[in-house]
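> What follows is a predicted protein model with its sequence.
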Amino acid sequence: MNSGTVRAFIAAELPRFTVDSLEKIQSRMKEVVGGVRWVRPDYIHLTVAFLGDVETSRIAPVSDAVRREAAGLNRMAFFLDGLGVFPDLKRPRVIWVGLDGEKRELASLHKGLADELEGIGFRREQRSFIPHLTLGRVKYPRQVPRTLAEILDRERTRVDSSLFELEGLTLFKSELTPGGAVYTRLAYFPFQGRQRDCEV
């Protein structure tokens, strides 16, 4: 990345109690799963769009696009649901926690944001959107136990299923360092639609 660009992405941040629940999962898994660089709990989020290296002159148009999309949206209710890996258990690269809840609304958000970004010159991502929260990235596959599937199954039964809400989108800057990525908030865009109590 040069001085004229920012490595950026758009994500929904999580409430503190949900982050605490994810940190507990990480703590238990650290005891039995090696070879993984675990995401700092405060950095766990739901990525909605990864932009890559963006010219600083384009940050304002990106912010306007995200603001337009967020303005008409309502808060969305979810709960943590299961654990998994990408791409598969034979070649695990990413360990994640899944989400359940208002997935149709989230898919609509993702499409609407992709439309907005495409309208200002960003390429639409071809991969399917699979909502997930990354717990860690496998750095040393040989250190990952062969019992990973059983560990994930055990953790599924211990996941806190308390309902939580996503309340807006954040534009982040990501700086890659030897110790891992460092995220900085560039702008926050609250959902401006009808507000409601969080119910099951």
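Received it, and whenever you're ready, just let me know what you need. Residues are numbered from 1 along each chain as shown.

> just how off-centre is the longest helix anywhere in the chain within its chain?
Across the chain, the longest stretch assigned as helix under DSSP state H is helix 103-119. Distance, stretch centre to chain centre, for helix 103-119: 15 Å (Cα atoms, centre = their mean, to the nearest Å).

> ok, residues contacting it?
10, 48-49, 51, 62, 65-66, 68-69, 73-74, 76, 78, 99, 124-125, 129, 131, 166, 169 (Cβ atoms under 8 Å, 6 or more residues apart in numbering). The C-beta positions use only the backbone N, C-alpha and C, and glycine is treated the same way.

> Could you tell me which of those residues count as buried?
10, 48-49, 51, 62, 65-66, 69, 73-74, 76, 78, 99, 129, 131, 166, 169 (16 or more other Cβ atoms under 10 Å).

> in the chain, which spans are helices?
16-30, 59-71, 103-119, 148-156.

> Could I get the buried residue list for the third one?
Neighbour counts using 16+ other Cβ under 10 Å place 105-106, 109-110, 112-114, 116-117 of helix 103-119 among the buried residues.

> can you list contacts of stretch 61-70?
8, 10, 51, 54, 109, 112-113, 116-117, 119-120, 122, 168-169, 171, 186-187, 189-192.

> now do 7 Å
For stretch 61-70, the external contacting residues (Cβ atoms under 7 Å, 6 or more residues apart in numbering) are 10, 51, 54, 109, 112-113, 116-117, 120, 168-169, 171, 187, 189-192.

> re earlier: restrict the longest helix of the chain to CA atoms and write it as PDB.
Written as PDB, here are the backbone C-alpha positions of helix 103-119 (Å, rounded to 0.1, in the frame of the first residue of the first chain):
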ATOM      1  CA  LYS A 103     -30.500 -13.300   7.100                       C
ATOM      2  CA  ARG A 104     -32.900 -12.200   4.300                       C
ATOM      3  CA  GLU A 105     -32.500  -8.600   5.400                       C
ATOM      4  CA  LEU A 106     -28.700  -9.000   5.700                       C
ATOM      5  CA  ALA A 107     -28.600 -10.400   2.100                       C
ATOM      6  CA  SER A 108     -30.600  -7.400   0.900                       C
ATOM      7  CA  LEU A 109     -28.100  -5.100   2.700                       C
ATOM      8  CA  HIS A 110     -25.200  -6.900   1.000                       C
ATOM      9  CA  LYS A 111     -26.800  -6.600  -2.400                       C
ATOM     10  CA  GLY A 112     -27.800  -3.000  -1.900                       C
ATOM     11  CA  LEU A 113     -24.300  -2.100  -0.800                       C
ATOM     12  CA  ALA A 114     -22.800  -3.900  -3.700                       C
ATOM     13  CA  ASP A 115     -25.100  -2.000  -6.100                       C
ATOM     14  CA  GLU A 116     -24.000   1.300  -4.500                       C
ATOM     15  CA  LEU A 117     -20.300   0.500  -4.700                       C
ATOM     16  CA  GLU A 118     -20.600  -0.800  -8.300                       C
ATOM     17  CA  GLY A 119     -22.300   2.500  -9.200                       C
END
